[in-house]
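> Using only what follows, build the 3D model:
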Amino acid sequence: MDTLETGIAGTARTVSKNFAVLTSAHILAKFIGLGLFVCLARYLGAVNLGKYSFAVAFTGMFVVLADLGINVLIVREVARHKKEATKYLSNVIVPKIILLLVVYSAIFVVASIIPIPMITRRLVYLIGLYLLFTALAETGYSFFRAYEKMEYEAFTSVFCRSIALLLVVLVLVRGYGIIEVGWAFLAVGIVNILIVSYLLIRHIGKPTLEIDFGFISTLIKAAVPLGVISFVYTIYFHVDSVMLEVMKGEAVVGWYNAAYRLMESLTFIPAMLAAALFPVFSRYYPSASESLINISEKAIKFLIIVILPICFGATFLARKLIFVIYASNFENSILALQILIWALALVSLNYILGNLLVAINRQVTMMYIVAGALALNVGLNLLLIPRFSLIGSAVATVVSEIMVVGLAFYFITQCLASLRIYAQVWKPLLGCLLMCGFIYFVPGLSIWIVIPGAAFLYFAGLLILGAITEQDRLLIRQILWPSAMDLKNPGRK
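Residues are numbered from 1 along each chain as shown. As a prediction, the model looks like this:
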């Protein structure tokens, strides 16, 4: 194996280790978070779930302003210049805290003005504080990712989600309401930032008081396009809940978010793969573009194989899923789930494509793509919500994601190279049709039998069709058991 192949194999092991660590932790964290959300839905009902969902969406649209894209820039730049990590840490903390204080002031003022119930307003204040502490902790996660030490983020994420679930269940079982739930989240936010601060000081370095204003100015200027992307994306993902609150009320917000949360809980798969790959993307560009394209294609193929059957399965099993997870009073969420689940496939592609554009220094391009998607999403929501309620909002989300995928593919082809993935779709698609046939012809079976049976048929179909090559099996083993073997011969197929 020559030097280049050795380097790629070593990189594959690092990416696989980080992906395995993050994925394992976020599977736990997402299931814990989903369990928490289900508890809120079952104990509080659709209306109070709508209050909680609105508070998270409303405050989230403000909190993202405290980042300005600095977190993504930290990952990219510290991955390239690890010796300057302490300098970045020292010059990021102070402006970040100032921004957080300004943002919370804005949340307080706007929430005091808009016409929402007093209990919802108080919940907004509490959730806003929780998200501010979380935003500060995520800056620490950026340093962990730059050092490719994903286990620190993984531990903190799982631990804090577990504490949140424990506190919220305790609050609900004792008969308290939505405000006490807000206080529980705030307590978790404080614990989160304390743990991250300890890990940063111990493993990355202790920040100093030597502030370089010129360096901060340069950092912010470079980060602004990334910040605009994060801001627009956050508005993009939360504006539907806010618009539904204003136009249709809290119960509709609760039904919509019951479906949306099921879809969103599965985005950890592409999110963690993209997070593990981003430092590698940054290192490979521009010196090793061929390897960059190869890794991107393999990542997209992996996501197609994993995500496509989830989308088909959820479409066919939506009614059973909603009734089992929530209750019959969330029947209005069924059609919304059948539509929104297809946003998962599109979002999965966008995680890889968006990170690839940023890694090749085309963050401004990505900013314009996301801004266009936001404009389309808001316009479609204004057009569709009055007539179709939450179903119109679900359609708006999927159509907007289609636009992002199309434009991202186009610009990557223009700026880097064509990603050859279209021939890889039809075999997983045939496997999904086999799986859906099984689901259709056994309507009376328990969902706990149907899901494993459908999954078995899908992967058996892939093996028969030869969709999973020896190269893919090596990649999957490397992802699941990074210490067990090396990834050999990583050239393009």
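> which residues of the stretch 101-250 of the chain fall in helices?
Using DSSP state H, counting those that start in this stretch, the helices of the stretch 101-250 of the chain run over residues 118-146, 150-173, 178-203, 213-248, 250-264.
> what packs against the longest one?
In terms of contact count using 3 or more C-beta pairs under 8 Å, 6 or more residues apart in numbering; DSSP states H and E, helix 213-248 is assigned the packing partners helix 3-63, helix 70-80, helix 85-113, helix 250-264, helix 334-359, helix 363-415. All C-beta spots, glycine's among them, are computed from the backbone N, C-alpha and C.
> Helix 70-80 and that helix, what's the angle between them?
When axes from the mean of the first three to the mean of the last three C-alpha atoms, to 10 degrees is applied, the directions of helix 213-248 and helix 70-80 differ by 140 degrees.
> tilt between helix 213-248 and helix 363-415?
90 degrees.
> Poorly predicted segments of the stretch 301-450 of the chain, please.
423 (pLDDT under 70).
> residues in contact with residue 373?
Contact analysis of residue 373 by C-beta atoms under 8 Å, 6 or more residues apart in numbering lists 232, 236, 400, 401, 403, 404.
> Wait, residue 99 touches residue 66, no?
Yes - judged on C-beta atoms under 8 Å, residue 99 makes contact with residue 66 at a distance of 4.2 Å.
> Same drill for the two, tell me which one is more crowded.
residue 66 (24 against 20; other C-beta atoms under 10 Å).
> Now do the contacts for that one.
96, 99, 100, 102, 103, 132, 135.
> so which of the residues you listed is the most crowded?
For those, neighbours tallied by other C-beta under 10 Å; top is residue 132, 24 neighbours.
> re earlier: buried deepest among the helices of the stretch 101-250 of the chain, which one?
Among the helices of the stretch 101-250 of the chain, helix 250-264 has the highest mean neighbour count (mean count of other C-beta atoms under 10 Å), at a mean of 25.
> by contact count, what packs against that one?
Using 3+ C-beta pairs under 8 Å, 6+ apart, the elements in contact with helix 250-264 are helix 3-63, helix 213-248, helix 289-325, helix 334-359, helix 363-415.
> tell me the most buried of these?
Comparing the helices and strands packed on helix 250-264 by mean neighbour count (mean count of other C-beta under 10 Å), helix 334-359 ranks first with a mean of 23.
> and it, what other elements does it pack with?
So helix 334-359, by 3+ C-beta pairs under 8 Å, 6+ apart, packs with helix 70-80, helix 213-248, helix 250-264, helix 268-284, helix 289-325, helix 363-415.
> For residue 116, which of those is the nearest?
Residue 116 lies closest to helix 213-248 among those, at 7.8 Å (C-beta to C-beta).
> Report the angle between that closest one and helix 334-359.
Counting by the same axes, to 10 degrees, helix 213-248 lies at 160 degrees to helix 334-359.
> Kindly provide the whole-number mean pLDDT of helix 213-248.
The average pLDDT within helix 213-248 is 78.
> Over to stretch 454-470?
In this model, stretch 454-470 has an average pLDDT of 85.
> begin at 180 from here
Fine by me, first position is 180 from now on; the one you just mentioned is stretch 633-649.
> re the thing from before, take the helices and strands packed on helix 513-538 and lay them out in a markdown table including distance to residue 524.
Formatted as a markdown table, the helices and strands packed on helix 513-538 follow (distance: least, C-beta to C-beta, whole Å):
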| stretch | distance to residue 524 |
| --- | --- |
| helix 249-259 | 23 |
| helix 392-427 | 16 |
| helix 429-443 | 10 |
| helix 447-463 | 10 |
| helix 468-504 | 5 |
| helix 542-594 | 9 |
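> Between these, which one is closest to residue 536.
Among the helices and strands packed on helix 513-538, helix 542-594 comes nearest to residue 536, with 4.5 Å by C-beta to C-beta.
> And the next helix or strand past that closest one?
helix 605-620 (DSSP states H and E).
> what helices or strands is that following helix leaning on?
Contact here means 3+ C-beta pairs under 8 Å, 6+ apart; on that basis helix 605-620 packs against helix 468-504, helix 626-644.
> Just tell me which of these ends up closest to residue 517.
Per C-beta to C-beta, nearest to residue 517 of those: helix 468-504, 4.7 Å.
> domains for the chain, by residue range?
Using automatic domain parsing, the domains assigned to the chain come out as 193-603, 604-665.
> Would you pull up how far the last one lies from the middle of the chain?
In other words, domain 604-665. 23 Å (C-alpha atoms, centre = their mean, to the nearest Å).
> Then the first one?
In terms of C-alpha atoms, centre = their mean, the gap separating the centre of domain 193-603 from the centre of its chain is 4 Å.
> now the contacts of residue 552 in CSV, with distance to residue 448?
Shown next, in CSV, are the contacts of residue 552 (distance: C-beta to C-beta, whole Å):
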residue, distance to residue 448
411, 23
415, 20
579, 21
580, 16
582, 22
583, 18
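> now the helices and strands packed on helix 429-443 in CSV, with distance to residue 363?
Below are the helices and strands packed on helix 429-443 laid out as CSV (distance: least, C-beta to C-beta, whole Å):
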stretch, distance to residue 363
helix 182-242, 10
helix 392-427, 21
helix 468-504, 22
helix 513-538, 27
helix 542-594, 28
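> Quick one: closest of those to residue 302.
Closest to residue 302 of those is helix 182-242 (C-beta to C-beta; 4.5 Å).
> Quick one: neighbours of residue 507, just the number.
Neighbouring residues of residue 507 were enumerated by other C-beta under 10 Å; the total is 7.
> For the stretch 280-429 of the chain, which residues score under the pLDDT cut-off?
Along the stretch 280-429 of the chain, the parts satisfying pLDDT under 70 run over 327, 386-389, 391, 401, 405.
> got a list of what residue 440 touches?
213, 216.
> Tell me the confidence at it?
90.
> do residue 254 as well
pLDDT for residue 254: 74.
> Could you measure from it over to residue 496?
37 Å (C-beta to C-beta, to the nearest Å).
> Report the contact partners of residue 580.
Contact analysis of residue 580 by C-beta under 8 Å, 6+ apart lists 522, 525, 526, 529, 552.
> picking up where we left off before, could the helices of the stretch 280-429 of the chain be laid out in JSON lines, adding distance to residue 508?
Compiled in JSON lines, these are given as follows (distance: least, C-beta to C-beta, whole Å):
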{"stretch": "helix 297-325", "distance to residue 508": "21"}
{"stretch": "helix 329-352", "distance to residue 508": "17"}
{"stretch": "helix 357-382", "distance to residue 508": "17"}
{"stretch": "helix 392-427", "distance to residue 508": "17"}
{"stretch": "helix 429-443", "distance to residue 508": "9"}
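> Tell me which of the ones you listed lies nearest to residue 210.
Closest approach to residue 210 among the helices of the stretch 280-429 of the chain (C-beta to C-beta): helix 329-352, 8.9 Å.
> Which strands and helices lie in contact with the closest one?
Going by 3+ C-beta pairs under 8 Å, 6+ apart, helix 329-352 lies up against helix 182-242, helix 297-325, helix 357-382.
> Helix 447-463 and that helix, what's the angle between them?
Relative orientation of helix 329-352 versus helix 447-463 (the same axes, to 10 degrees): 150 degrees.
> residues in contact with helix 329-352?
196-197, 200-201, 203-205, 207-208, 211-212, 214-215, 218-219, 222-223, 316, 320, 323-324, 359-360, 363-364, 366-367, 370-371, 374-375, 378, 382, 454-455.
> Much appreciated, bye for now.
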